[in-house]
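1. Got a predicted model here, sequence first, then my questions.
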Amino acid sequence: MKKHIPALLLAVCLLLTLPAQAAQEAAFARSRTYAGEFSDLAPESPFYDNVTALYEYGLANGRSDGTFGPGDSVTVGQAVIFAGRIRSLYRTGGPEAALAYRGENEPAALPYLRYLQEEGVLDGEFAEGIELYKPATRAQAAHLLANVLPEEVLPSVHAELVTLAYSSRRFISDVDEYTPYYQDILALYRKGVAAGSGEDGAFRPGDPITRGALAAMLTRMLDPALRVRPQWDLTHLYSAAGTELSDLVEPGTYSLSPATEEELESALRYMLARGGDQIVFYFPGLSEAEARLLMNRSLAVMKAHCEQSYNEVRCTRGAGLATLTFSAAGAGSRTQEYRAAAMEAAAAVHDRLWAEGTLRPDMTEMEKARVYYDWICSSCVYDYQAGDESLSHIPYNLFVNGTAVCDGYTGAYNLLLKLEGIRCSTVIRGDHIWTTAVLDGAEYHIDATWGGSGSEISYDYFAMTPRQSQAIHAGQSA
C-alpha cells in the first residue's frame, strides 16, 4: 500500500529545523523570534501563542504564500513526521534520526513511522492499513504523541484530576473505553497537553485535527509554561455533605465475649460503623474491678477514634451481660447533637477548601494534610480553662466555638483527614494526644495542638517521623 506524497502536500508540511543539541533542555530551546511571519495569524487567535512558539522553536516555517493555515487539517503522514522528529530531538538532539530508516521511492513519512516503531513509541498495529494521505483524527494524533517523550520529560501532572473527572462520566464524556486510543487521549489530559473544549472538556476524537490544534499539542510537549490544566468545576464530585461519622470507620466484627484487645477493638468498630453508642458483651461474673478495666480498655479504643467524640463510658451489669454506653463528657443527652454538628461543620470546611481551590486533585496526601493543619492551627486557640467536663475535649467545640484542648484538636484534625480518605489514628503519651497518619505510603506524626499554640503556625510538629516525634514529645504534656 505504498503511496507517494504529492509535491504540493510536501510543500505545506510543517518543517522541523532545530539544530542538533546534546541535552534535552537545549534541544527544546527557542531559536528565533516571531515577528509576524504568518499573515493569517491574528493575536486574538486561540492558537496564537502556540503557533508563534512553534515558529520560534524552529518547528514551523509556514507556507510559501506567508500563511500558516491554523484551521486546515493535517494528514496522518504529517503528524507522524512531527512525532518522529520530536522523538529524535529528545533522543539525539537533532530532528532527523528517522532518515536512517529511509528507503527509495517511498512516502516521506514512512522512515519516521519505522523510527517510532523501533523506539517503541508505536506498535506495528498502527501501521496496518494506515493511509498517510488522509486527514489525521484527533484520536490518531493523541496516539502518535502520547508516548513520544518519557514521563520524566512530560510528566502526568493532572493524573488524579483527570481520573476522577473521567470516571464521573460528566467530563471528557465523548471518550470511553470503546474510543480508539482512549488511553492515549487521557494521557494527554494528564500531561497538560490537552484540556478539551466546552464545560465538559470534550475531546472530539473522530474530528480531523487542525494545524492550530496540533501546534498547541506540540508546543505544550516542549514548553511546560504552555501546558494547560483543565478548568473543570468538580466541586460536586468532592462534596462531603451528607457524610456521617459512621462512614469514616472501618467496619469491625461483633464478638459477644471478646477475649483479646483485637477482638474488643473490632467489636467497638462494629458499633461505630453502625452509628451506635451502646454495645453489649457477655461476661458472666464480671466484677466491679473487671468492669472498670473493660471500660478503660474501651475508652482507649475510643481515643484512637477521637473524631467520633466519645470520651466517656458507663457500664451496667446484669444476668452476665455488660452494657457499655458511650457519650461525650459534659454533653450528656446532647452528645449525638454535638457529634452531628461537628460532622456537618467538618464537611463544610472540606467543601469550602475544595471550592476555593486550596485543595486540588493533583495534591499529594502530604500536601492535603498540610492544608488541614494550617486550617486547624489558624482556626482554634487552646482552651486553658477547660476542665474534665468541657466540650473542648471534642471536635465540636473547635469547629463551632474555635477553642479546644489536645483531644479536641486531634479529633477535629483526624476528622478532616478521614474525609480525604487518609488513614489516621492517635498517639497518647501521658495526658497528651496527637495524630499519626499514613501520607503517601509513609507514617508521620502530626501535633496540631502544639503547631497552633504560638503566635504563628509552627511546622516543627507537622509530618514528624516516629523517631522525631518521640524525641520532641519526650517528657512533655499538653
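-> Thanks, I have it. Numbers count the residues shown, from 1 in each chain.
2. Please enumerate the strands of the stretch 201-350 of the chain.
-> For the stretch 201-350 of the chain, applying DSSP state E, counting those that start in this stretch gives strands covering 278-282, 312-318, 321-327.
3. Note down every partner strand of the shortest one and its orientation.
-> In other words, strand 278-282. Using DSSP bridges, the strands paired with strand 278-282 are strand 321-327 (antiparallel).
4. Over the longest helix seen in the chain, what's the mean pLDDT, rounded is fine.
-> Taking DSSP state H as the criterion, the chain has its longest helix at helix 335-355. Across helix 335-355, the average pLDDT comes to 96.
5. Quick one: residues in contact with it.
-> 234-235, 238-245, 277, 308-310, 327-328, 331, 359, 371-372, 375, 391, 394-396, 399-400, 412, 415-416, 419-420 (CB atoms under 8 Å, 6 or more residues apart in numbering). C-beta here means a position set from N, CA and C on the backbone, and glycine is covered the same way.
6. repeat that with 7 Å
-> By CB atoms under 7 Å, 6 or more residues apart in numbering, the residues outside helix 335-355 that reach it are 235, 238-241, 243-245, 309, 327-328, 331, 359, 371, 375, 391, 394-396, 399-400, 415-416, 419.
7. got it, and stretch 45-57?
-> With contact meaning CB under 7 Å, 6+ apart, stretch 45-57 is reached by 18, 30-34, 37-38, 41, 60, 68, 70, 212, 215-216, 218-219, 222-223, 226.
8. and what of stretch 378-388?
-> Contacts for stretch 378-388 (CB under 7 Å, 6+ apart): 329, 390, 392-393, 398, 402-405, 409, 449, 452-453, 457.
9. Deepest in the core, which of the strands of the stretch 201-350 of the chain is it.
-> Of all the strands of the stretch 201-350 of the chain, strand 321-327 has the most neighbours on average by mean count of other CB atoms under 10 Å, namely a mean of 18.
10. Output that strand as CSV, nothing but the C-alphas.
-> As requested, the backbone C-alpha atoms of strand 321-327 are provided in CSV (Å, rounded to 0.1, in the frame of the first residue of the first chain):
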residue,chain,number,x,y,z
LEU,A,321,-24.3,-9.0,80.4
ALA,A,322,-22.1,-5.9,80.5
THR,A,323,-23.7,-3.0,78.6
LEU,A,324,-21.3,-0.2,77.6
THR,A,325,-22.9,3.2,76.8
PHE,A,326,-20.6,5.9,75.3
SER,A,327,-21.1,9.7,75.4
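11. okay, how far is it across stretch 396-411, tip to tip?
-> Counting by CA to CA, to the nearest Å, you get 9 Å between the two ends of stretch 396-411.
12. Okay, buried residues for it please.
-> 396-399, 403-411 (16 or more other CB atoms under 10 Å).
13. what ranges do the strands span in the stretch 351-478 of the chain?
-> Secondary structure of the stretch 351-478 of the chain (DSSP E, counting those that start in this stretch): strands located at 381-382, 403-404, 424-429, 432-439, 442-446.
14. what angle sits between the longest helix of the chain and strand 321-327?
-> Interaxial angle of helix 335-355 relative to strand 321-327 (axes from the mean of the first three to the mean of the last three CA atoms, to 10 degrees): 50 degrees.
15. Now do helix 335-355: distance to the chain's middle.
-> 22 Å (CA atoms, centre = their mean, to the nearest Å).
16. Buried residues, it. List them.
-> 335, 338-339, 341-347, 349-351, 353-354.
17. returning to that earlier point: please identify the most buried of the strands of the stretch 351-478 of the chain.
-> Taking mean count of other CB under 10 Å, strand 403-404 is the most buried of the strands of the stretch 351-478 of the chain, at a mean of 26.
18. May I have stretch 203-218 exported as PDB, CA atoms only?
-> Extracted C-alpha coordinates of stretch 203-218, given in PDB (Å, rounded to 0.1, in the frame of the first residue of the first chain):
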ATOM      1  CA  PHE A 203     -12.000  15.900  23.000                       C
ATOM      2  CA  ARG A 204     -13.900  15.200  19.700                       C
ATOM      3  CA  PRO A 205     -11.800  12.100  19.000                       C
ATOM      4  CA  GLY A 206     -13.200  11.500  15.500                       C
ATOM      5  CA  ASP A 207     -12.700  15.000  14.200                       C
ATOM      6  CA  PRO A 208      -9.800  15.900  11.900                       C
ATOM      7  CA  ILE A 209      -7.100  17.700  13.900                       C
ATOM      8  CA  THR A 210      -6.200  21.100  12.600                       C
ATOM      9  CA  ARG A 211      -2.800  22.600  12.200                       C
ATOM     10  CA  GLY A 212      -3.600  25.100  15.000                       C
ATOM     11  CA  ALA A 213      -4.700  22.300  17.400                       C
ATOM     12  CA  LEU A 214      -1.600  20.200  16.500                       C
ATOM     13  CA  ALA A 215       0.600  23.200  17.100                       C
ATOM     14  CA  ALA A 216      -0.900  23.600  20.500                       C
ATOM     15  CA  MET A 217      -0.200  19.900  21.500                       C
ATOM     16  CA  LEU A 218       3.300  20.000  20.100                       C
END
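19. Contacts for it next, please.
-> Against stretch 203-218 from outside (CB under 7 Å, 6+ apart): 47, 50-51, 54, 59-60, 68-74, 79, 82, 86, 135-139, 141, 145, 172, 174-175, 179-180, 185, 188, 193-194, 196.
20. Okay, and which of those map to helices?
-> Checking the contacts of stretch 203-218 against DSSP H, those in helices are 50-51, 54, 79, 82, 86, 138-139, 141, 145, 185, 188.
21. By neighbours, which of those wins?
-> Greatest neighbour count in the ones in helices among the contacts of stretch 203-218, by other CB atoms under 10 Å, goes to Phe82: 31 neighbours.
22. ok so, going back, just the C-alpha atoms of the longest helix of the chain, please, in CSV.
-> Output in CSV follows, covering the C-alpha atoms of helix 335-355 (Å, rounded to 0.1, in the frame of the first residue of the first chain):
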residue,chain,number,x,y,z
THR,A,335,-23.9,14.0,72.6
GLN,A,336,-25.4,12.9,69.3
GLU,A,337,-26.4,16.5,68.5
TYR,A,338,-22.8,17.7,69.0
ARG,A,339,-21.4,14.8,67.0
ALA,A,340,-23.7,15.6,64.1
ALA,A,341,-22.9,19.3,64.3
ALA,A,342,-19.1,18.5,64.2
MET,A,343,-19.6,16.3,61.2
GLU,A,344,-21.6,18.9,59.4
ALA,A,345,-19.1,21.6,60.2
ALA,A,346,-16.1,19.5,59.1
ALA,A,347,-17.9,18.7,55.8
ALA,A,348,-18.4,22.4,55.2
VAL,A,349,-14.7,23.1,55.8
HIS,A,350,-13.8,20.3,53.4
ASP,A,351,-16.1,21.6,50.7
ARG,A,352,-15.1,25.2,51.1
LEU,A,353,-11.4,24.4,50.8
TRP,A,354,-12.1,22.4,47.6
ALA,A,355,-14.3,25.1,46.2
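23. any idea how far Gly201 lies from Gly84?
-> Gly201 sits 29 Å away from Gly84, taking CB to CB, to the nearest Å as the criterion.
24. Next one, pLDDT for Ala22 please.
-> The model's pLDDT for Ala22 equals 35.
25. In helices only, show me the contacts of stretch 45-57.
-> Using DSSP H, these in helices are 212, 215-216, 218-219, 222.
26. Could you dump the ones in helices among the contacts of stretch 203-218 into CSV with distance to Gly318 and pLDDT added?
-> Formatted as CSV, the ones in helices among the contacts of stretch 203-218 follow (distance: CB to CB, whole Å; pLDDT from 0 to 100):
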residue, distance to Gly318, pLDDT
Asn50, 78, 96
Val51, 83, 96
Leu54, 83, 90
Ala79, 80, 95
Phe82, 82, 90
Ile86, 79, 91
Arg138, 73, 98
Ala139, 71, 97
Ala141, 76, 97
Leu145, 74, 97
Ile185, 66, 98
Leu188, 68, 98
